[in-house]
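Q: Let's see this in three dimensions:
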Amino acid sequence: MFKYAFFVILGFVFFISSCAEYKPLEIKNAQIEKKLSQINKKALKSNPSGKIILSKIENNEPLDENDIASLALTLNQTLKIERDNLEIAKAQIKSSQTIPNPSISADMGFPVAGNIVNTYDSYSIGLSYPIDWIFSYSGKVKSAVLEYEAKKLNYDFNAYQVMQDAKITAANVYYLEKILKQLSNKVDLYKEIYNTVKIAYGKQLVLLSDLQLAKNEYETAKLAYLDTKNLLNKENERLKEIVGLPLNVNLKVNFKPHYTSKVPPLKELYKNIENRLDIVAYRLAYKAQEERTRMAFIQQFPKISINFPFSRDTSNVQTLGVGISIDFPIFNTNKAQIDIQKATRKKMYDEYVYRITTAEFDIKRLTSDIENIQKQLSFLNTDYENSSNSLKYYEQAYKDGYISMIEFYKNSNDVINKKINILNLEKSLYNMQIALEIASAKKIY
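A: From the prediction side, this is the model:
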């Protein structure tokens with residue numbers, strides 16, 4: 001009896017020692033506030049270039065294009081959650097590789113009535129183990145592995161998108177700073193015009209309507225300046241959000257966008273769509289779903305368990321046997337689960353076709369828009385250069401007294417407006433280039 005008790009205690013100790021330890025992860029406001037107000041230096045230093053980037057931020061030095069991309073890849077909160085999802089997918093592979101535990105049953109009986117002289121207490125011990133899992137084991141593991149590989153590729157694609165988004169936002173900051181400088185010149189220009197008209201009105205040389213018009217144009221220029229400044233502040237905040245920096249950190253950017261002179265042929269761009277990481281990831285996810293659909297068909301067959309009972313009856317006869325138990329599929333034939341998996345597979349198939357089709361339409365639209373903007377820029381740059389050269393003659397004519405100050409300032413304003421139009425088009429062109437790279441999975445410049 002003591003021998004059996006020893007083995008029971010030993011088994012219980014083994015079970016306890018193999019159990020995982022539970023550690024709570026509480027949500028504490030103070031801890032979250034600390035994370036929100038400080039740079040994650042530990043994560044940044046784990047990056048090969050992280051120490052250099054951290055030093056630049058602490059010394060208030062500007063970050064270049066590679067610094068911004070590296071910072072976004074390391075500290076972006078969305079990517080952090082994606083990495084957590086990858087850990088979940090890894091755990092699901094382990095879960096799929098586990099096999100069922102055997103089960104042990106035991107019972108005892110005591111004679112209580114009838115001819116109970118010279119009888120014994122009865123008992124039985126049974127060991128049972130399911131064997132139906134063998135038929136679906138390989139499919140479960142394959143599905144989990146494919147799902148993990150799909151999520152890993154999808155993470156790589158999302159990381160690429162985050163880095164490109166950081167570059168777009170940095171480019172927006174770059175262009176908005178230049179536009180803001182032009183608008184500042186425009187405000188100064190209209191201020192001079194307004195002051196000149198006000199003096200002329202005091203001398204009764206112009207009408208009240210002229211004064212009001214000059215004032216309106218001056219105020220419109222100020223509003224445009226303030227709106228652009230507000231937009232610049234928002235883009236700076238968005239850039240910090242993308243690269244994972246707290247709002248209280250001062251971020252300087254030394255970033256100059258690159259442009260393509262010629263867009264690759266459409267056939268070449270279309271051909272490369274299937275190499276896009278999210279498309280490859282979706283194909284793997286579809287294969288994983290195919291395995292889940294196949295398993296649903298396998299699981300319509302009944303569950304099978306084998307058991308090995310050992311028992312003693314009241315006459316002290318001991319028996320050892322073997323048995324099998326099979327579920328009888330009357331009420332549940334797994335048809336509902338099969339229909340769910342088949343419908344999910346059809347949905348994923350249609351979504352895959354939709355992604356390919358959408359990518360082709362995006363490429364066609366972006367290619368057309370890029371070529372159109374390039375043509376506009378070619379014309380506007382020539383026009384701006386000619387207007388800038390002409391402005392020198394207007395300035396000399398104004399100094400020589402051939403034209404009025406207002407006429408000279410209006411020509412200056414036209415040159416500023418043309419430069420702002422060029423900067424806005426260049427900003428749009430850069431954004432479209434990045435969008436085309438993402439849609440086609442091909443480097444454009």
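
Q: who's residue 324 bridged to?
A: residue 306 (DSSP bridges).

Q: so it makes contact with residue 302?
A: No - using C-beta atoms under 8 Å, residue 324 is not in contact with residue 302, being 11.0 Å away. C-betas here are computed from N, CA, C, even on glycine.

Q: which residues touch stretch 238-257?
A: 36-40, 57, 60-65, 68, 71-72, 74-77, 162, 165-167, 169-171, 173-174, 236-237, 426, 430 (C-beta atoms under 8 Å, 6 or more residues apart in numbering).

Q: mind checking pLDDT for the most far-flung residue of the chain relative to its centre?
A: Centroid-distance maximum for the chain: residue 117 at 78.1 Å, with C-alpha atoms, centre = their mean. As predicted, residue 117 sits at a pLDDT of 79.

Q: ok so it is a helix residue?
A: No - Residue 117 is assigned coil when assessed by DSSP: H, G, I helix; E, B strand; the rest coil, not a helix.

Q: for it, phi and psi?
A: Residue 117 adopts backbone torsions of phi -70, psi 140, taken as degrees, to the nearest 10.

Q: go on, residue 111?
A: Torsion angles, degrees, to the nearest 10, at residue 111: phi -60, psi 130.

Q: Count residues in the vicinity of it, would you?
A: 13 (other C-beta atoms under 10 Å).

Q: Repeat that for residue 422.
A: 19.

Q: nearest residue to it other than its sequence neighbours?
A: Once flanking residues are discounted, residue 422 sits nearest to residue 380: 5.2 Å by C-beta to C-beta, 6 or more residues apart in numbering.

Q: would you say that neighbour is within a helix?
A: Yes - counting by three-state DSSP, residue 380 is part of a helix.

Q: so it makes contact with residue 426?
A: No - in this structure residue 380 lies outside contact range of residue 426 using C-beta under 8 Å: 9.9 Å.

Q: give the contact list for the residue nearest to residue 422.
A: 418, 421-422, 425.

Q: low pLDDT regions in the chain?
A: 1-18, 445 (pLDDT under 70).

Q: That one: strands as residue ranges?
A: Using DSSP state E, the strands assigned to the chain run over residues 103-109, 122-130, 304-312, 318-320, 323-326.

Q: Quick one: neighbours of residue 342, just the number.
A: 14.

Q: For it, which non-adjacent residue is spatially closest?
A: Nearest non-adjacent residue to residue 342 (C-beta to C-beta, 6+ apart): residue 293, at 6.0 Å.

Q: Can you give me the neighbour number for that neighbour?
A: For residue 293, using other C-beta under 10 Å, the count is 20.
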